[in-house]
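Peer 1: pasting the structure only:
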């Protein structure tokens, strides 16, 4: 199966070191990108005319709370993952399946939940979205063999430290070391408690625990102090800004990261479903917030929601380059925006409109039913494509 996307106006690479690519064509074979350049041609099964619009990597939600399937008991909502796809999200990373009714907190039970969640989402992709789940919430009494067992069964994540009985840096530190030893990527909760039974986590706890990711550094929903944020920006940890957090703290984090030349460590998530709700366009809203108010180039903001996150979690998505999985969004300024392109729309504070999404080289949706309608919509000129979404 060969797919060609041609007549592209701009390509955002996902690589924050070189965020814009010179090219107007992307060639795909099966599920991989094989070439990016100008005037590429050849025999393709599907040809998509981007009509001068922008192609970005599929967005990655670095912080979601799934349970099983496309249902969230937290908000009693079905198809929240499919709705996120219509907001440009093609990959989601679990920060813990904490909303499962009756979630087991004994060690045998929490390991079982993590293993089942990891395997269930590996076997089934809701709406085609790649959900990386199975993120155990750490409890006191865990030993290294527990992490070895989970890793052997396919668990690659550790959910937010602080949502269980492990709440101090002293208790967390040895578990973090065991998790890293067995190839897991570790996230820690920060700021005030998010739900009943969770704990406030300060910067001092984070520094002692030494995780990979500072979860919702701008609060989930209550933020740490700016002084604490400054201390964490000075580390080598990934700095996660979320939609369901404190907007002022998000801008402070971005400003400090820019000053420290550490924007390559900024990643973007939703922290949803949560008490804030299900937010299908949340990643786009963060991009517009950072690009319009945070003095960061819009293409760099997109990289924070794509390639930066892919690098932290060692995923083969998030960057438009030969050999990477072909998860792409074709986007443009929305009708009525003062911006003329998708990137200009972000700069003026508007969300861009999604006109087509490709996952693993396969067209999943046409015009999004959730974003404002794109000014120009991509069109399938050879082969078959989906019907446009409703507005």
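Peer 2: Right, received. Where do you want to start? Everything quoted here is computed from the prediction, not taken from an experiment. Residues are numbered from 1 along each chain as shown.
Peer 1: Provide the contact partners of the helix of greatest length in the chain at residue level.
Peer 2: Longest helix of the chain, by residue count under DSSP state H: helix 107-123. For helix 107-123, contacts defined as Cβ atoms under 8 Å, 6 or more residues apart in numbering pick out 66-69, 94, 97, 100, 103-104, 131-137, 139, 141-142, 146, 149-150, 153-157, 164. In this view, the C-beta of every residue, glycine as well, is placed from N, C-alpha and C.
Peer 1: where along the stretch 251-391 of the chain do the strands fall?
Peer 2: Along the stretch 251-391 of the chain, the stretches classed as strands by DSSP state E, counting those that start in this stretch are 266-269, 328-332, 353-359, 362-365, 379-382.
Peer 1: Show me what the third one is packed against.
Peer 2: Think strand 353-359. strand 328-332, strand 362-365 (3 or more Cβ pairs under 8 Å, 6 or more residues apart in numbering; DSSP states H and E).
Peer 1: Could you tell me which of the contacts of helix 107-123 count as buried?
Peer 2: Neighbour-count burial (16 or more other Cβ atoms under 10 Å) applied to those gives 66-68, 94, 97, 100, 103, 131-137, 139, 142, 146, 150, 155-157, 164.
Peer 1: Report the beta-bridge partners for the residue lying closest to residue 10 once chain neighbours are set aside.
Peer 2: Distances taken as Cβ to Cβ, 6 or more residues apart in numbering put residue 54 closest to residue 10, at 4.4 Å, once the chain neighbours are dropped. For residue 54, the beta-bridge partners are residue 10, residue 331 (DSSP bridges).
Peer 1: What residues does residue 54 make contact with?
Peer 2: 8-12, 330-332, 341-343, 352.
Peer 1: Can I take it that residue 198 is in a strand?
Peer 2: No - checked against DSSP: H, G, I helix; E, B strand; the rest coil, residue 198 lies outside a strand; its state is coil.
Peer 1: what's the burial count for it?
Peer 2: 18 (other Cβ atoms under 10 Å).
Peer 1: and if you look at residue 385?
Peer 2: 16.
Peer 1: and what of residue 110?
Peer 2: Residue 110 has 23 nearby residues by other Cβ under 10 Å.
Peer 1: ditto for residue 170
Peer 2: Each residue near residue 170 was counted by other Cβ under 10 Å, and the total is 11.
Peer 1: got the phi/psi numbers for it?
Peer 2: Torsion angles at residue 170 (phi, psi; degrees, to the nearest 10) stand at phi -60, psi -40.
Peer 1: Chain neighbours aside, what residue packs nearest to it?
Peer 2: That would be residue 208: by Cβ to Cβ, 6+ apart, it lies 6.5 Å from residue 170.
Peer 1: From residue 47, how far off is that neighbour?
Peer 2: 55 Å (Cβ to Cβ, to the nearest Å).
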